[in-house]
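>>> My questions concern the predicted model and sequence given below.
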There are 2 protein chains.
Amino acid sequence: MERSSGMQNNGGCFSRGCGWIKSLPERSKAKIVECARKIKKLGQDDPRRVNHAVKVGLAITLVSLFYYSEPLYDGFGDSAMWAVLTVVVVFEFSVGATLGRGLNRGLETFLAGTLGFGAHHLAILSGEKGEPILLGLFVFLLATTVTFVRFFPRMKARYDYGLLIFILTFCLISVSGYRDDEVLDMAHKRVSTILIGGLTAVFVCICICPVWAGDDLHNLAATNIEKLGIFLEHFGVEFFRQPGEGESIHKASLQGYKSVLNSKNMEESLVNFARWEPGHGQFKFRHPWKHYLKFGSLTRQCAYRVEALNGYLNSDIKTPPEIQGMIQDSCTKMSSELGKALKELALAIKSMTPPSSASSHLVKSKFFAKNLKFLLSSDLCRGINLLEVVPAVTVTSLLFEVISYAEKIAEAIHELASLAQYENVEQEKPKLPEQGEMHQGANMDVHHHVVTIDQPPPVKPQNGSLSSSTTS
Amino acid sequence: MERSSGMQNNGGCFSRGCGWIKSLPERSKAKIVECARKIKKLGQDDPRRVNHAVKVGLAITLVSLFYYSEPLYDGFGDSAMWAVLTVVVVFEFSVGATLGRGLNRGLETFLAGTLGFGAHHLAILSGEKGEPILLGLFVFLLATTVTFVRFFPRMKARYDYGLLIFILTFCLISVSGYRDDEVLDMAHKRVSTILIGGLTAVFVCICICPVWAGDDLHNLAATNIEKLGIFLEHFGVEFFRQPGEGESIHKASLQGYKSVLNSKNMEESLVNFARWEPGHGQFKFRHPWKHYLKFGSLTRQCAYRVEALNGYLNSDIKTPPEIQGMIQDSCTKMSSELGKALKELALAIKSMTPPSSASSHLVKSKFFAKNLKFLLSSDLCRGINLLEVVPAVTVTSLLFEVISYAEKIAEAIHELASLAQYENVEQEKPKLPEQGEMHQGANMDVHHHVVTIDQPPPVKPQNGSLSSSTTS
């Protein structure tokens, strides 16, 4: 009995094994197709990735010419290897990152080379026995000190790679100098090849389809604000939608804002890279890149509130119909106008034009907020069950907060314009109405001209203060 | 007149110049003192930084012995340089990061070396003229492909450094093989010295005051939850504090949670490092490190609500006294119990013990939440001005949300325990009361025993399921 079951087992194993082998080509094919699909998607998501890969291949092939060409090799010998090494480690995705690494590598190699040469000569003076001891002490002290300096946040942000190279070069020059008497010649060859490698990397990076970290940072700031705008534009409708009214059509686009929540690190590294970049396109050299951190911080403050709002989209507690009927219109319009304002602000950043139409949307949004406040304090809202309106009140209150942050973002855009030294900025600052300026009306449908009667329209700019024509 | 003013100007410049030179020693002294203070603070904030710096110095000095010692140098010659280079680039702050880089470097050097050697031989077959062309083609294709592969998020997270080294080694071996006929000998020497360098780095990193990324990740998860707890514990009192009641004593400690908002990147890299680490202390090899991302995500969800709550601390709209008198007690206690629960959860993670007392605080917090809901729906709250209670209602609603996330965090801790294959976990899962289980009472002062009468206390563990004794 046991033996037969054992044989059955064996037979089962065998047939499973056969099946596994037979299905191998099919599964391999499926895996290859899946892999190809992933590669295609990666390339399609950002075609600059393909360019970058080809550029790296090209730069490395260029510097490897040192080995193939007789006259070049005769000049540098084995040190030609350092050119290849430099290209591989220096070539980064964006121009700023490549320039930062290249400058760090070049400068620190030179400094550490000089210092290493000095250490080598000092060690020689101490005699044959003292030389290795003194060299070891120098290496230990310098490596320890510089490694500690790398912990300083400011050093880490901009010069981390340079400090690493500093330790590396110092050790290599001072220590290998112990064996190689022609240390000056070696240092000279090494520095030259590193320079050549670095220059090749920078040249290829800038001249063939350059990717500017500054452009990426600028677009990131705009896209993040736009994502919040898209959420808010549809939020009101989604919040008041009854369960029976069919599925939401905006569900996917509503969740786009999630990436804004964790954008801080990316933003900071882009700022660090952008600061290495020369003037390009719409941006002058010394464009106020650090100011984008302010946008980022304000945008994330908005995003935290939006994340809290998102939690109320599928709330269990439904607002009672009489209250919903009263506040739905104002609340939906406030949210939608706020969304439009943010989208306009994003557009203003992207196109580098003053955010004039955004301010009209902000004015409308603030008007509906005022309207809602009036409704909430009116007698119509007395005598209701407070628990039933908790989600509606919370959502309204959070939207008020987002409005105040949207105003701060608009201000930050104007600050950017003045920091970048554009003219006629002050007069274009959007004149937002004060709390008391707006009239209070219940459930009014406000069109643009109603608002403009109540207060002057934003001053039309005479020449685009942030327009690309003045910046380039 | 003009001349005299020019002379006065010159005199002014001169005296300013003199003053500047005179004050130079003082200012230098002040700068040095400031710098020393910063260095001291950096070391005191995390004394492991000083250890790390000394360890790096030691490891580099150790491998530079290759140059000083005659028999070692005779064996490897100039390739000894690669040992120094490897230590400098492989030695990282934590064991996981060092192991990850070391393994990446070792493995990819070996793979790329083999492939480079193969490419070199293939190129030789094509004759003297074809060799450089074929080699150039190989280098271009491989560099392009591997650079593109580095864009895959999964590759970037764990093998980015290895892929860089792969390109580097392949190019160096295959290209320098064009000149150096003893390519196998060179590859062998280079791989050996890299292995020696990598092993030295790993040895020093693990054996002298090791810094485990896993420990850091574990502590980060606990500390982040604790920071939210500290905020919530004092939030209620701060929110209802009248402007005349003196300054807050908790202002600084209340803002500690801000670092939680942007903790995602740090968490992800610590998880990647921790996964390279062998078992150590309380953690087995293959500890479910990825599960900490779940903690992190839930903690940040809490933190976003806490950030929104923080915005209401200095709200302009003050809750009317009659409403405040009614809800203040419950709201303050709900927040404070919630804070205590989070602090207990943090302690449970830190000490790896089951979060039993946390669940009693959570139960109390939920009781006060129920209490508040009852109050809000009671007749006492009818007839009030809705606008005046907007901040209070919003704060209450956000606190409800935080409670539900705190419950999820408690669940995640139990999941971690079962994933780490501890025994008797199921029976310790905190039995939180259902919505209907709790009695509704207005403004009751609830002590621990009242709750425990209402529902059974959490089952006391028979042996610490997450305790260190079972894990080590």
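Nice, thanks for sending it over. Numbers count the residues shown, from 1 in each chain, chains lettered A, B, ... in the order given.

>>> going forward, measure contacts between C-alpha atoms and count neighbours the same way
Fine.

>>> starting at the chain centroid, how far to stretch A:22-36?
36 Å (Cα atoms, centre = their mean, to the nearest Å).

>>> check whether it contacts chain B.
No - using Cα under 8 Å from any Cα of the partner chain, stretch A:22-36 never reaches chain B; the gap is at least 11.2 Å.

>>> Same check on stretch A:365-377?
Yes - contact between stretch A:365-377 and chain B, assessed by Cα under 8 Å from any Cα, occurs at A:373, A:376-377.

>>> Check the burial of A:F400 by counting its neighbours.
20 (other Cα atoms under 10 Å in any protein chain shown).

>>> Run through the residues that contact the residue lying closest to it once chain neighbours are set aside.
Spatial nearest neighbour of A:F400, excluding adjacent residues (Cα to Cα, 6 or more residues apart in numbering or on different chains): A:A369 at 6.8 Å. Neighbour list for A:A369: A:330-331, A:334, A:400 [criterion: Cα atoms under 8 Å, 6 or more residues apart in numbering or on different chains].

>>> that older thread, tell me the least confident of the residues of stretch A:365-377 next to chain B?
Among the residues of stretch A:365-377 next to chain B, A:S377 carries the weakest pLDDT, at 80.

>>> ok, that one - contacts?
Contacts for A:S377 (Cα under 8 Å, 6+ apart) come out as B:385-388.

>>> Pretty sure A:C209 is one of the things A:N51 touches, is it not?
Yes - using Cα atoms under 8 Å, A:N51 is in contact with A:C209, at 7.2 Å.

>>> quick one: which of the two has more around it?
In this view A:N51 and A:C209 are compared by other Cα under 10 Å, and A:N51 has more residues nearby, 19 against 12.

>>> Please list all residues in contact with the more buried one.
By Cα under 8 Å, 6+ apart, the residues touching A:N51 are A:C209.

>>> phi, psi of it?
Main-chain torsions, A:N51, degrees, to the nearest 10: phi -60, psi -50.

>>> Likewise for the one 3 residues further on?
Note on A:V54: backbone dihedrals following degrees, to the nearest 10 are phi -70, psi -40.

>>> still on that earlier bit, tell me the SS of the residue nearest to A:F400?
Using DSSP: H, G, I helix; E, B strand; the rest coil, the structure places A:A369 in helix.

>>> Distance-wise, check it relative to A:K189.
70 Å (Cα to Cα, to the nearest Å).

>>> between the contacts of A:S377, which has the most around it?
Using other Cα under 10 Å as the neighbour criterion, B:L386 leads the contacts of A:S377 with 25 neighbours.

>>> Next, A:Q242: secondary structure please.
Secondary structure state of A:Q242, per three-state DSSP, is coil.

>>> Chain neighbours aside, what residue packs nearest to A:Y67?
Looking at A:Y67 with Cα to Cα, 6+ apart, the closest residue is A:Y73, at 5.5 Å.

>>> count of neighbours near the one you found?
The tally of other residues near A:Y73 (other Cα under 10 Å) stands at 16.

>>> Which helix or which strand is home to it?
Using DSSP states H and E, A:Y73 falls within helix A:70-76.

>>> Which of the three states applies to the closest residue to A:P391 other than its chain neighbours?
Nearest residue to A:P391 in three dimensions, chain neighbours excluded: A:Y312, at 6.6 Å (Cα to Cα, 6+ apart). State at A:Y312, reduced to three classes by three-state DSSP: coil.

>>> One more: the one 5 residues further on?
Each residue gets one of three states, and A:I317 gets coil by three-state DSSP.

>>> now the nearest residue to A:R49 once chain neighbours are set aside, what's its secondary structure?
Nearest non-adjacent residue to A:R49, counting by Cα to Cα, 6+ apart: A:G43, 6.3 Å away. For A:G43, the assignment made with three-state DSSP gives helix.

>>> pLDDT wise, what is A:G43 at?
With respect to pLDDT, A:G43 has a value of 87.

>>> For A:D185, see how far away it is.
Separation of A:G43 from A:D185 (Cα to Cα): 45 Å.

>>> before we move on, what about A:R154?
35 Å.

>>> and A:V271, how many neighbours?
Applying other Cα under 10 Å, we find 23 residues neighbouring A:V271.

>>> now A:I413
With other Cα under 10 Å as criterion, A:I413 counts 25.
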